[in-house]
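In: What shape does this take:
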Amino acid sequence: MALDEPAGRAAHVTPGGTGSPPRVRYLPIAEHGLIGDLHTAALVGTDGTIDWYCCPRFDSPSVFAAILDADRGGLFRIAPDRDGWNSKQLYLPDTNVLITRFMMPGGVGEVQDFMLPRCTGEAARRHRMIRRVVAVRGQVPFVVDVAPRFDYGRARHEVALTEHGALFRSRELVLGLSARCPLEIVDGGDVRARIELRAGESATFVLDRVEPGEVPAACSDADIAAGFDATVKFWRGWLRRSRYTGRWREMVHRSALTLKLLTYAPTGAIVAAPTTSLPEEVGGARNWDYRYTWMRDAAFTLYALLRLGFTEEAGSFMQWLERRFRHAADRESGPLQIMYGIDGRENLPEEELSHLEGYMGSAPVRIGNGAATQLQLDIYGELMDSVYLCNKYGRPLYHDGWLELIRNLEWLIDHWDQADEGIWETPGGRRDYTYSRLMSWVAVERAIRVARQRGLPADIIRWSAVRDRIYNQIMERGWHPARRTFAQHYDIDVLDASLLLMPLCKFIAPTDPRWLSTLDAISAGLVSDSLVYRYDVEASPDGLAGQEATFSMCSFWWVEAPARAGRLDEARLAFEKMLTYANHVGLYSEEIGLTGEQLGNFPQAFTHLALISAAYNLDRQLG
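Out: Residues are numbered from 1 along each chain as shown. Coordinates of the predicted model:
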């Protein structure tokens, strides 16, 4: 296939009448596990299909994106070459090595999927993806389809068979497939193999990023075994550093392993999710690109990492944060953005990919994120809380960083009393959001704490006066006396789940009568059997079409609120119910739909951060 030929339709992506078994067009979002190498990640379906993979970074254009378009997205599939099979998926304990086991007529086989973390040797620089097929029992046939669609399916590519595999070449990226079984070119640009294994036999397929002019090299059984052992050793060695010994340890550690998978090693930044445009409502337009790093996630990330004992990761992320406030820009929306690229870049232009149909027809598919330029004052509180936590438990703040931080704080002190877009990034216009005022209070309060703890230069008297003005304004205007609850924004009685953080950030005592009545109101108005809505869309339209599902991170916030108020039985039941909404390998997307399905980008870091925080604090309260 020549580079200047049009990229062919990928009807072969879902083969039916071509001699290979049919594939469900779209798996449920939850029917996936995640593998990665600390630079990028891939989703592996329970049917043995990798249907999402960007190379060489999280935010690079996709190579496989069948989860966003079954016909045009591209995939890497290894599945039984006969009908009547079923599968189960699990992680090798305490690792991010994923096993998909197939039970079929004639035997049992499994696919072991992993990527070499970038610190495990020279081979890792290639973003090496290893898929090892093993016959466990009996005699098992498999079909392998490798159908890349470079640049979100926009770039053409050519394919050639080589001595040790196949080469896929586009203008911007070249991938090599190493295999020791016969391969054939099908449909012009893809590769297929058929293998039949007896108990104890295996076959391995290795996908590498290669430099122009390189060809796939042979991979011996010894090389594959060494890579497998090194990967297992890396993940288990990393997890041993965890200090968490409380209840629900397995789920907490799976969340920690997931957060590590979402970390971009060169900068220490953590992506909000490794995917884009997985819908918050199937068929709807609430589809966004989450392959960036939100300032809002910072405090929660550092809190979770430090509580579990991962001080090195917390320190790396803190360095990434410091670079953001040291190079803050002078713009109308403030010196800081709400999100950045994993390399720290600020320009994240949003674009719609109209040639992709979206997951189950949920268009548009978006890349980039136009919300990056919104004014959201709460990020200054989350930034300062991050500094406070890291200064207290991890890496201390240095002199130059403190001076730059003061510069950002002074901007907030001059601008806190204005309307903004709020935490949920909706296009409904600016309002006086209570949560934004709350986090402005946190910014000033934490700065005062850091200055006093370290004896750093600060205008404590002025800062204290501003802190008190914010506090009093929230108590006067954020409080709705008739409904006896704190409200989403001033001059309205609408509830908002973001206010569950009020006692968590120490703004109000968890047993204060005002807070208890707010908690009761949220429980009655936004909670559905442990699942929590962000807000009432009908009472407070957000300017977006479609309906809201429940937000899993808010559900974990709600666990913490009654726990801190002493309602431990209620909190524990809610937490353990939330654990049942994880998928089969312990992963969470952003939202839970009406019938219990996972929706939104997957897996979502914020949800796993909230799980860790809820588990840690609930376990401590239980004693």
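In: residues near residue 316, how many?
Out: Residue 316: 21 surrounding residues under other CB atoms under 10 Å. All C-beta spots, glycine's among them, are computed from the backbone N, C-alpha and C.
In: State the distance from it to residue 253.
Out: 20 Å (CB to CB, to the nearest Å).
In: low-confidence ranges in the stretch 351-500 of the chain?
Out: Along the stretch 351-500 of the chain, segments meeting pLDDT under 70 span 427.
In: tell me the strands in it, going along the chain?
Out: Applying DSSP state E, counting those that start in this stretch to the stretch 351-500 of the chain gives strands spanning 351-352, 366-367, 479-480, 485-486.
In: Could you spell out the sheet neighbours of the last one, each with its direction?
Out: Using DSSP bridges, the strands paired with strand 485-486 are strand 479-480 (antiparallel).
In: ok, and what's touching the strand it pairs with?
Out: Contacts to strand 479-480, defined as CB atoms under 8 Å, 6 or more residues apart in numbering, come from residues 485, 486, 487, 492, 493, 514.
In: what do you get if the cut-off is 7 Å, keeping everything else the same?
Out: Contact partners of strand 479-480, identified using CB atoms under 7 Å, 6 or more residues apart in numbering, comprise 486, 487, 493, 514.
In: ok, now how distant is the residue lying closest to residue 333 once chain neighbours are set aside from residue 412?
Out: Here the nearest residue to residue 333 in space, its sequence neighbours aside, is residue 375; by CB to CB, 6 or more residues apart in numbering that works out to 4.4 Å. Taken as CB to CB, the spacing of residue 375 relative to residue 412 amounts to 11 Å.
In: try residue 138
Out: Shown here: residue 138 relative to residue 412, a distance of 66 Å by CB to CB.
In: And the two? Which one has more around it.
Out: A count of neighbours by other CB under 10 Å puts residue 412 above the other of residue 138 and residue 412, at 23 against 14.
In: Could you tell me which residues make contact with the more buried one?
Out: By CB under 7 Å, 6+ apart, the neighbours of residue 412 are 377, 380, 440, 443.
In: my read: residue 194 touches residue 81, true?
Out: Yes. Look at residue 194 against residue 81 with CB atoms under 7 Å: they come within range, at 6.0 Å.
In: Count the neighbours of residue 372 for me.
Out: Applying other CB under 10 Å, we find 20 other residues in the vicinity of residue 372.
In: Does the residue lying closest to it once chain neighbours are set aside belong to a helix, a strand or coil?
Out: Taking CB to CB, 6+ apart, and ignoring the residues beside it in sequence, residue 372 has residue 348 as its nearest neighbour in space, at 4.5 Å. Per DSSP: H, G, I helix; E, B strand; the rest coil, the local secondary structure of residue 348 is coil.
In: Check residue 348 and give its pLDDT.
Out: Confidence per residue is given as pLDDT, and for residue 348 that number is 95.
In: and whichever helix or strand residue 63 is part of, which strands flank it?
Out: Assigning secondary structure by DSSP states H and E places residue 63 in strand 62-64. Strand 62-64 sits in its sheet next to strand 49-54 (antiparallel), going by DSSP bridges.
In: How far does the partner strand sit from its chain's centre?
Out: 15 Å (CA atoms, centre = their mean, to the nearest Å).
In: Same check on stretch 500-507?
Out: For stretch 500-507, the distance to the chain centre is 24 Å (CA atoms, centre = their mean).
In: Just the endpoints, please. Distance across it?
Out: 11 Å (CA to CA, to the nearest Å).
In: Scan the protein for its longest helix.
Out: Longest among the helix segments of the chain by residue count, using DSSP state H, is helix 434-454.
In: Only C-alpha atoms, please: export it in CSV.
Out: This file holds the C-alpha atoms of helix 434-454, laid out as CSV (Å, rounded to 0.1, in the frame of the first residue of the first chain):
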residue,chain,number,x,y,z
THR,A,434,-19.2,28.6,46.1
TYR,A,435,-16.5,26.0,45.4
SER,A,436,-14.3,28.6,43.7
ARG,A,437,-14.5,30.8,46.8
LEU,A,438,-13.9,27.8,49.0
MET,A,439,-10.6,27.0,47.2
SER,A,440,-9.6,30.6,47.2
TRP,A,441,-9.9,30.5,50.9
VAL,A,442,-7.8,27.3,50.9
ALA,A,443,-5.1,29.1,48.8
VAL,A,444,-4.7,31.9,51.3
GLU,A,445,-5.1,29.7,54.4
ARG,A,446,-2.4,27.2,53.2
ALA,A,447,0.0,30.0,52.3
ILE,A,448,-0.3,31.3,55.8
ARG,A,449,0.4,27.9,57.2
VAL,A,450,3.5,27.3,55.1
ALA,A,451,4.8,30.7,55.9
ARG,A,452,4.4,30.2,59.6
GLN,A,453,5.7,26.7,59.6
ARG,A,454,8.9,27.6,57.7
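In: What helices and strands are in contact with that helix?
Out: Here helix 434-454 touches helix 378-393, helix 399-415, helix 460-473, going by 3 or more CB pairs under 7 Å, 6 or more residues apart in numbering; DSSP states H and E.
In: Just want the angle from the last one to helix 399-415.
Out: What separates the directions of helix 460-473 and helix 399-415 is an angle of 40 degrees, with axes from the mean of the first three to the mean of the last three CA atoms, to 10 degrees.
In: what's the angle from helix 460-473 to helix 434-454?
Out: Between the axis of helix 460-473 and that of helix 434-454 there is an angle of 150 degrees, by the same axes, to 10 degrees.
In: all helices for this protein, in order.
Out: Per DSSP H, the chain carries helices over the ranges 150-153, 221-239, 249-261, 297-308, 311-326, 378-393, 399-415, 434-454, 460-473, 501-504, 513-525, 552-564, 568-579, 605-622.
In: hmm, back to that, only the buried residues of the longest helix of the chain, if you could.
Out: If you call a residue buried by 16 or more other CB atoms under 10 Å, then helix 434-454 has these buried ones: 434-451.
In: picking that back up, looking at the helices and strands packed on helix 434-454, which is buried most?
Out: helix 378-393 (a mean of 24; mean count of other CB atoms under 10 Å).
In: list the helices and strands it packs on?
Out: For helix 378-393, the contact count by 3+ CB pairs under 7 Å, 6+ apart identifies helix 297-308, helix 311-326, helix 399-415, helix 434-454 as packing neighbours.
In: would you list those helices in TSV and tack on distance to residue 230?
Out: Output for the helices and strands packed on helix 378-393, formatted as TSV (distance: least, CB to CB, whole Å):
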stretch	distance to residue 230
helix 297-308	23
helix 311-326	19
helix 399-415	36
helix 434-454	41
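In: Which of those sits closest to residue 332?
Out: For the helices and strands packed on helix 378-393, proximity to residue 332 was assessed by CB to CB; helix 399-415 is nearest, at 10.1 Å.
In: quick check: angle from the closest one to helix 311-326?
Out: With the same axes, to 10 degrees applied, the angle from helix 399-415 to helix 311-326 works out at 60 degrees.
In: just the angle between helix 399-415 and helix 378-393, please?
Out: Using the same axes, to 10 degrees: helix 399-415 against helix 378-393 is 150 degrees.
In: Go ahead and produce CSV holding the CA coordinates of helix 399-415.
Out: Output of helix 399-415 as CSV, limited to C-alpha atoms (Å, rounded to 0.1, in the frame of the first residue of the first chain):
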residue,chain,number,x,y,z
HIS,A,399,13.2,30.0,48.3
ASP,A,400,12.8,30.8,44.6
GLY,A,401,9.7,28.6,44.3
TRP,A,402,8.2,30.5,47.3
LEU,A,403,8.7,33.9,45.7
GLU,A,404,7.1,32.7,42.5
LEU,A,405,4.2,31.2,44.5
ILE,A,406,3.7,34.5,46.3
ARG,A,407,3.4,36.2,42.9
ASN,A,408,0.5,33.8,41.9
LEU,A,409,-1.1,34.2,45.3
GLU,A,410,-1.0,38.0,45.0
TRP,A,411,-2.9,37.7,41.7
LEU,A,412,-5.6,35.6,43.4
ILE,A,413,-5.8,38.1,46.3
ASP,A,414,-6.6,40.8,43.8
HIS,A,415,-9.1,38.7,41.7
